[in-house]
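Visitor: Predicted model and sequence follow; I will ask about them next.
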Amino acid sequence: MLLNFALQYLAKNWSIIPLEEKGKKPLIEWSEYSKRLPTKQEVEEWFTKWPTANVGIVTGAVSGIAVVDIDGPLGEESVLKLYLPATVSVKSGKGRHMYYRHPGSHVKNCSNIPGCEKVDIRGDGGYVVAPYSTHENGKVYAWMGGLEKLQDPLTTFPQNVLGLLSVPSSVQKYGFTDVSTQEPWVSELLKGVSDGEKHKSCIRLAAYFSSKGLPVDVTKSLLLDWNSRNMPPAEASGIIERVEDVYRRYATSGRSILQRSDNVQGAHAVSESITTPKSAYAGFKEELRKGAKTIATGFPSLDRHSRGLLIGNLSVIGAWPGVGKTAFTLGLARKLAEAGNSVLYFPTEMAVNELMRVFISSGLDIPFQRVMDGDLSEEEHAKAAEYLEGPVLEKLHIEPITSPTLADIERAVAQTKPNVFMLDYLQHTTGSTGGKRTDISDLVMGLKDIAKRYECAGVVTSQFHRPYKSNDGELVPPTMFDFAECGQIEREVSLALLMYPVEKERFTESMEFPVNFILAKNRFGKVAEFQLKFDQKHVRFSE
């Protein structure tokens, strides 16, 4: 008798229904239990009336769960394409069920989700056979790892699968074979691409489908299906964002994005006129006389070795937590603005008021603690007011988004037209957790594209993933490998600046201490090392 198990599931706030013995058919009209939990009395009455009944768990928001149903060896093989996160699982009659926490948005029931044969989804309005019911083949459903697994927290339902469930029936009319027969490169890309190729391939395919007249929702569905074949898949939200961006640009221009040479998507796809060195030279003569476009950082040691920030390129500043990368980045922003450069700053960790206090302290030589406490003289208040309304901060545009997307960043860059945009920091952008390497790869390439397209310099901060390392009590200098995403970052950035302290005990011993800087990557110059002094009292770096 499964009554005790049914009551345990009900105690977890899972909606329970009785199913036929050794079967899956409900013994009651169960639709109302997809909207409400049964009472304990109802459950006891059911399993007293049908003591040999199987137990069903209604999936969806009512129970707070969604289940991936994997059927047999073919299902196990095809589900590998989804890169599903581990969660509590059940051994079923012919395969297994993976129980996930409901994401809060509608989860559609689906048989054979796109690109994955023998993998079904049981979401809102569905149900699954619960452990310890009996399958028609005599096998008993059981928690993998034992009944104690029932106490483990469930992983949230994966976003990439949620994206695949949005495939509309209209996609069948535009199947992959129909749209790919004219262009061999389309067929090749649709087989799936590797980690470093997803961003530009997605844009290229979206541009192609747009040129063929496919509706945007159909292209989204096609590329979500395509994404399931990538190794590994990108975040579904990123795929949708890129498709929408391509179609938005097409709608704005009034002609196919494939024909536009003034944006990066067109450049990734097809150009009306391929540029050769000879045809480009006429317009490049004057540029050649001027030299490469760079922006001085205001830190002489850095400028001497790097020649400053290169227009159309991305630079990264890396450090362990607490070393001062945010303080250095804010100081860099202030120095750039003081030199007359327009700066767009994304502070993902600090509120705007905190930033203003740092600028007042570092720019007006007022101790930061006094600024925080509001302990300013009337004269200092007047100077602060004048500084906040002055030409320096007029050049500084702050976009206080906690988790900006590439679309947010590009939108702000397009509006403000900065000389430099700065993102502090990389891992706080949308999608940078879970599948981190995939997200960072796409993000870094996207940021570099923005810098190229809008002819500005990009600066991002990134945190080292390894802890402080010591050898005989001394800190070992960091390397590019201390970035969790070293491959993607090293490949895409033109300048990588690594920060580390001279001594680990620096915070308690002095208000001023030296910080080491390593120019670990300098695409157009030599690597180098130098020191700057960090003044904690005024939150600023200096030579």
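Guide: Yep, that arrived. Just so it is clear, the model here is predicted, and its values are computed rather than measured.
Visitor: give me the low-pLDDT residue ranges for this protein?
Guide: Across the chain, the ranges flagged by pLDDT under 70 are 81, 114-115, 160, 163-183, 249-292, 430-441, 465-475, 484-488, 490, 503-510.
Visitor: I'd like to know which elements the lengthiest strand in the chain is packed against.
Guide: When the chain is parsed with DSSP state E, its longest strand is strand 512-522. Counting contacts by 3 or more C-beta pairs under 8 Å, 6 or more residues apart in numbering; DSSP states H and E, strand 512-522 is packed against helix 300-306, strand 495-501, strand 528-535. (C-beta placed from N, C-alpha, C; glycine too.)
Visitor: so how far is I70 from the closest residue to E492 other than its chain neighbours?
Guide: Excluding the flanking residues, the one nearest E492 by C-beta to C-beta, 6 or more residues apart in numbering is V444, at 4.6 Å. V444 sits at a distance of 34 Å from I70 (criterion: C-beta to C-beta, to the nearest Å).
Visitor: hmm, who's touching the strand or helix carrying A327?
Guide: In this structure, A327 is located in helix 325-338 according to DSSP states H and E. Residues from elsewhere that reach helix 325-338, judged by C-beta atoms under 8 Å, 6 or more residues apart in numbering: 295, 297-299, 317-319, 343, 345, 349-350, 355, 358-359, 362-363, 392-393, 395-396, 419-420, 422, 424-425, 459, 461, 463, 499, 515, 532, 534, 539-541.
Visitor: Next, report how far stretch 190-202 is displaced from the centre of its chain.
Guide: The chain centre lies 16 Å from the centre of stretch 190-202; the measure is C-alpha atoms, centre = their mean, to the nearest Å.
Visitor: go on, stretch 47-57?
Guide: For stretch 47-57 - counting by C-alpha atoms, centre = their mean - the centre lies 45 Å from the chain centre.
Visitor: Buried residues in it, which are they?
Guide: F47, W50, A53, N54, V55, G56, I57 (16 or more other C-beta atoms under 10 Å).
Visitor: Give me the residues contacting it.
Guide: Contacting residues not belonging to stretch 47-57 are listed as 1-3, 5-6, 9, 14-24, 26-27, 30, 46, 63, 65, 127-130, 133-134 [C-beta under 8 Å, 6+ apart].
Visitor: Show me just the buried residues among the residues you listed.
Guide: 2-3, 5-6, 9, 14-19, 22, 26-27, 30, 46, 63, 65, 127-130, 133-134.
Visitor: Give me the subset of those that lies in helices.
Guide: Using DSSP state H, the subset of these located in helices is L3, F5, A6, Y9, W46.
Visitor: quick one: which of those is nearest F209?
Guide: Y9 (44.7 Å; C-beta to C-beta).
Visitor: quick one on the thing from earlier: so what's the residue count around the residue nearest to E492?
Guide: By other C-beta atoms under 10 Å, the residues close to V444 number 24.
Visitor: repeat for C110
Guide: 19.
Visitor: Then V515?
Guide: 21.
Visitor: Bridging across strands, which residues link to it?
Guide: Note on V515: beta-bridge partners by DSSP bridges are P501, L532.
Visitor: Could you break the chain into its assigned domains?
Guide: 3-158, 166-268, 296-542 (automatic domain parsing).
Visitor: related to what we said a few turns ago, need the buried residues of stretch 47-57 in CSV with secondary structure, can you?
Guide: Putting the buried residues of stretch 47-57 into CSV (DSSP: H, G, I helix; E, B strand; the rest coil) gives the following:
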residue, secondary structure
F47, helix
W50, coil
A53, coil
N54, strand
V55, strand
G56, strand
I57, strand
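Visitor: Turn these into JSON lines, columns for distance to I450.
Guide: Converted to JSON lines, those look like this (distance: C-beta to C-beta, whole Å):
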{"residue": "F47", "distance to I450": "60"}
{"residue": "W50", "distance to I450": "62"}
{"residue": "A53", "distance to I450": "59"}
{"residue": "N54", "distance to I450": "55"}
{"residue": "V55", "distance to I450": "53"}
{"residue": "G56", "distance to I450": "51"}
{"residue": "I57", "distance to I450": "46"}
